[in-house]
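let's see this in three dimensions:
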Amino acid sequence: MSKYSRLGKNVSLMFLGNIGSKVLTFLMLPFYTSQLSVGDYGTIDLIQVYVTLLTGIVTCCLTEAIFVFPKNQLLIKQKSYFTSGFLFSLGALLLTWVIFVVLVNLLHLVAYNGIFVEYNTCIFLTICVTYFQSYTQQFVRSIGKIKIYVISGIVLTLSTVLLSLLLLPLWGITGYIYTMIFASFITSIYTMLAGKEYEYFSLKWLSKEKLCEMLKYSIPMIPNSVMWWVLSTLNRPLLEHYSGIDSVGILAVANKFPMLLTMVYGVFTYSWQISVLEEFKSEGYKMFYNRIFRILLVVLSFFLLGITLLSRPLIEMMTTSGYYEAWLYVPLLSLSVVFSNLAGFVGTNFLATKESKYYFSTSVWGGIACILMNFLFIPLLGIWGAVISILVSNVLILLLRLRITWKYVPVFRWHIHISVLLVIGVYMVLSFFVENMFVDVFCFLLSLSIIMLLNRDFLREAFAVYRKMKE
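All right, here's what the predicted structure looks like:
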């Protein structure tokens, strides 16, 4: 089976297993916004901010290592990696609970009663179940049980939807949090049982050597995880301070629509990681990489144009009046997601070379830029300041990663890629100022035509890929 066939097969499995579930989650947005006020939505978003930040720190990003190291290893080594990482994670989470108790008591002494204090137990439980859900899923993916990985994603989504319909009307914010906790727990149990991961766990397979090997890889990714948190979520506490909790809710809803782009990339990315690990040292990797890069950019561009065109009617259709302002921020947030996805695509080369330090160094510079711009622009521009900071930071990270990986795989025809992004930028500016729907549609079709013209050989390339997959 050729590298194109393997990638196509894995992407197809991910697509079938995830696209329906992701769309179903997106379609739940009207229900969520009808049950939660703008302030409630902002509170939930802040809770998720804390969970996102702390999960990677307290578990040393072991979910990244548990995918890389067991792959293509002997069974005994896979068992050793799984057991060592699992036991280390349990100890780290127990220590975290002790720290939580001490910290919350100290915050009570200084009369701080913010969201972290009020929901500290829920935050901790969410960290635990979210981590083990990811750990079990990444391990089954590493050992080649892709179908179980895909089904576990469906289980997570269906559990989330059903529990939301049951618990959210009863308990509001608390019901939403319980939904996240129970859904992740159910998914973890399913993945462990279906993947027979319990057969990979035993104290006799505990290995300090294997644990150190994984930690040596994953610990440098902690700052990277923190930097991504800085990029995507540091703006929430600042927005709460300068613009109020409602602005956090508006930004959270606006982010739901760019997540469609993340969904498209997410269906693809895990399959791509497998292909990179398998093909990186092969003779044709540079051409393979550039073909996939170009296809990815064009597909994301089409989605980006569509989201920009439909942002206003979608927000009006899927939310209540308190959220309508969110449509203003959707196009630029979507563009920042495209740059983020491309940076992730380029960064998979670090996965193949196991040079995780570059995840860190590139993210640090992006994070520093984001911090400075957040503190500068949010007090002046509010939500716009947060959006601009995210966009510029993701562009910087992409450029830095391209520069580092150029020695491995230079990007061919880079001037075409820049032209595509410029066309999208011009259309976004026009769409913001144009209120006539017919004119907006005309600009959309014109932009689409220009991108197709710039990539007039795209169909020929796609046909070549298709033929490779049939080999």
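
please make it C-alpha for all contacts and neighbour counts, starting now.
Will do.

can you say which helix or strand has residue 125 in it?
helix 120-142 (DSSP states H and E).

residue furthest from the geometric center of this protein?
Farthest-out residue of the chain from its mean C-alpha position, per CA atoms, centre = their mean: residue 109, at 36.6 Å.

ok, and what's touching the helix or strand encompassing residue 337?
Element membership for residue 337, per DSSP H and E: helix 330-353. Under the contact criterion CA atoms under 8 Å, 6 or more residues apart in numbering, helix 330-353 has outside partners 68, 254-255, 257-259, 261-262, 265, 269, 273, 276-277, 280, 293, 297, 300, 304, 307-308, 311, 356, 358-359, 387-388, 390-392, 394-395, 397-398, 401-402, 405, 428.

residues near residue 188, how many?
Each residue near residue 188 was counted by other CA atoms under 10 Å, and the total is 24.

next: residue 240.
Neighbours of residue 240 using other CA under 10 Å come to 18.

please name the nearest non-neighbouring residue to it.
residue 248 (6.3 Å; CA to CA, 6 or more residues apart in numbering).

burial of residue 372, as a residue count?
With other CA under 10 Å as criterion, residue 372 counts 11.

tell me which other helices or strands the host helix or strand of it touches.
Using DSSP H and E, residue 372 sits in helix 357-381. Packed against helix 357-381, as judged by 3 or more CA pairs under 8 Å, 6 or more residues apart in numbering; DSSP states H and E, are the following elements: helix 221-233, helix 235-243, helix 330-353, helix 383-405.

for residue 116, which of these is the nearest?
helix 235-243 (11.3 Å; CA to CA).

against which helices or strands is that closest one packed?
Using 3+ CA pairs under 8 Å, 6+ apart: helix 235-243 touches helix 38-58, helix 245-256, helix 357-381.

how close does the residue nearest to residue 240 sit to residue 267?
Taking CA to CA, to the nearest Å as the measure, residue 248 falls 28 Å from residue 267.

who has more neighbours, the two?
residue 248 (29 against 22).

show me the contacts for that one.
39, 41, 42, 43, 45, 236, 239, 240 are the contacts of residue 248 under CA under 8 Å, 6+ apart.

return the member of those nearest to residue 165.
Nearest to residue 165 among those, with distances taken as CA to CA, is residue 41, at 16.2 Å.

gap between the closest one and residue 236?
According to CA to CA, residue 41 stands 12 Å off from residue 236.

cool, residue 40 as well?
Distance from residue 40 to residue 236, by CA to CA: 14 Å.

between the two, point out the one with more neighbours.
For residue 40 versus residue 236, neighbours defined as other CA under 10 Å are more numerous around residue 236 (26 against 18).

next up, the contacts around the more buried one.
46, 49, 248.

hmm, try it at 6 Å
By CA atoms under 6 Å, 6 or more residues apart in numbering, the residues touching residue 236 are residue 248.

mind checking what secondary structure the residue nearest the centre of the chain has?
With distances taken as CA atoms, centre = their mean, residue 262 lies nearest the centre of the chain, 6.5 Å away. Counting by DSSP: H, G, I helix; E, B strand; the rest coil, the backbone at residue 262 sits in helix.

and it, what pLDDT?
pLDDT, residue 262: 77.

again with residue 207
The model's pLDDT for residue 207 equals 90.

any idea how far it is from residue 259?
39 Å.

equivalent analysis for residue 341, please.
11 Å.

where does the protein have low pLDDT?
1-26, 224-225, 227-233, 270-271, 274, 279, 352, 354, 356, 458-471 (pLDDT under 70).

let's go with 50 and repeat that
Where the chain drops to pLDDT under 50, the residues are 1.

residues in contact with the closest residue to residue 130 other than its chain neighbours?
Excluding its sequence neighbours, the residue lying closest to residue 130 (CA to CA, 6+ apart) is residue 184, at 5.8 Å. Contact analysis of residue 184 by CA under 6 Å, 6+ apart lists 129, 130, 133.

try it again with 10 Å
126, 128-134, 152, 155-157, 159-160, 178, 190 (CA atoms under 10 Å, 6 or more residues apart in numbering).

narrow these to those that are buried.
126, 128-134, 152, 155-157, 159-160, 178, 190 (16 or more other CA atoms under 10 Å).

can you count the residues close to residue 204?
10.

and it, how far from residue 286?
43 Å.

same check, this time on residue 251
From residue 251 to residue 286 the distance is 39 Å (CA to CA).

neighbour count for the two, which is higher?
Ranked by neighbour count (other CA under 10 Å), residue 251 and residue 286 place residue 251 first, with 27 against 17.

residues contacting that one?
Residue 251 touches 41-42, 45, 235-236, 239, 323, 325-327, 329-330, 333, 383-384, 386-387, counting by CA under 10 Å, 6+ apart.

what about residue 317, how many residues nearby?
Other residues close to residue 317 by other CA under 10 Å number 12.

residues contacting it?
30, 311, 324.

same deal with residue 240?
Neighbouring residues of residue 240 by CA under 10 Å, 6+ apart: 42, 43, 46, 246, 247, 248, 249, 382.

check those residues and tell me the two furthest apart.
Longest span within these, CA to CA: 43 and 382, 17.6 Å.

got the end-to-end distance for stretch 312-331?
The stretch stretch 312-331 measures 10 Å between its terminal residues, going by CA to CA.

gap between that stretch and the chain center?
Offset of stretch 312-331 from its chain centre (CA atoms, centre = their mean, to the nearest Å): 22 Å.

ditto for stretch 241-261
The chain centre lies 16 Å from the centre of stretch 241-261; the measure is CA atoms, centre = their mean.

buried ones in it, by neighbour count?
242-261.

wait, residue 180 touches residue 168, no?
No. Assessed by CA atoms under 10 Å, residue 180 is found out of contact with residue 168, at 11.0 Å.

how much space between the residue lying closest to residue 395 once chain neighbours are set aside and residue 156?
Nearest-residue entry for residue 395: residue 339, 5.8 Å, with adjacent residues in sequence omitted and distances by CA to CA, 6+ apart. Residue 339 sits at a distance of 27 Å from residue 156 (criterion: CA to CA).

what's the neighbour count on residue 453?
Residue neighbour count, defined by other CA under 10 Å, stands at 12 for residue 453.
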